[in-house]
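[1] Take this sequence and fold it.
(one chain, ligands or ions: 1)
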Amino acid sequence: MSNPGYRRKPTVAIEDEVYEKAKSKAAQKGITLVDYVNGIISQNMERESFIQNYAPYVEKISSGDTIILRDNKIKKIVEIFFKDGKLHCTNDEHDCIHIHYALGLSEIGRIKKK
Ligand SMILES: [Zn+2]
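    Here you go, the predicted structure:
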């Protein structure tokens, strides 16, 4: 601590609840908590840049029980919702780029059944 040349590596605080879950996930996979957390963070950043390249004209407006997106190509706001065991889009009858985009968002895990 008193060594002026010593620079601490960056650390981050993890919430207690997340810490316990992450610790048991890491143990299940047989890896350290540090490797597990770093893996998740880099995979998440890679996924975010993938979906930005996949659909650069789509952007997330908000997320909650459903996911609201803006499609700048068709100039429309679309809503992605979960019903009858499937994801649906308010703009398209079938599987569409909005659903693919929503699946790439980490918020998809919080979408609720309608
Ligand atoms: Zn759609």
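
[2] I'd like the next helix or strand past the top strand by length along the chain.
    What stands out as the longest strand in the chain, according to DSSP state E, is strand 76-83. Sequence order places strand 86-89 as the next helix or strand after strand 76-83, per DSSP states H and E.

[3] And for the very next helix or strand once past that following strand, what's in contact with it?
    Under the assignment DSSP H and E, the closest C-terminal helix or strand after strand 86-89 is helix 97-103. Residues outside helix 97-103 that contact it (C-beta atoms under 8 Å, 6 or more residues apart in numbering): 51, 54-55, 58, 67, 69, 71, 78, 80, 87-89, 91-92, 108, 111. Every C-beta, even on glycine, is put in place using the N, C-alpha and C of the backbone.

[4] which parts of helix 97-103 are buried?
    Across helix 97-103, burial judged by 16 or more other C-beta atoms under 10 Å covers I97, H98, I99, Y101, A102.

[5] can you give me the strands for this structure?
    58-63, 67-71, 76-83, 86-89.

[6] wait, which of the ones you listed is closest to D35?
    Nearest of these to D35, taken as C-beta to C-beta: strand 58-63 at 28.5 Å.

[7] so which of the strands of the chain comes closest to the ion?
    Among the strands of the chain, strand 86-89 comes nearest to the ion, with 3.1 Å by C-beta to the ion.

[8] The closest one - contacts with which helices or strands?
    In terms of contacts (3 or more C-beta pairs under 8 Å, 6 or more residues apart in numbering; DSSP states H and E), strand 86-89 is packed against strand 76-83, helix 97-103.

[9] export these to TSV and tack on distance to N38 and mean pLDDT?
    Listed next are those as TSV, based on distance: least, C-beta to C-beta, whole Å; pLDDT from 0 to 100:
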stretch	distance to N38	mean pLDDT
strand 76-83	30	97
helix 97-103	24	96
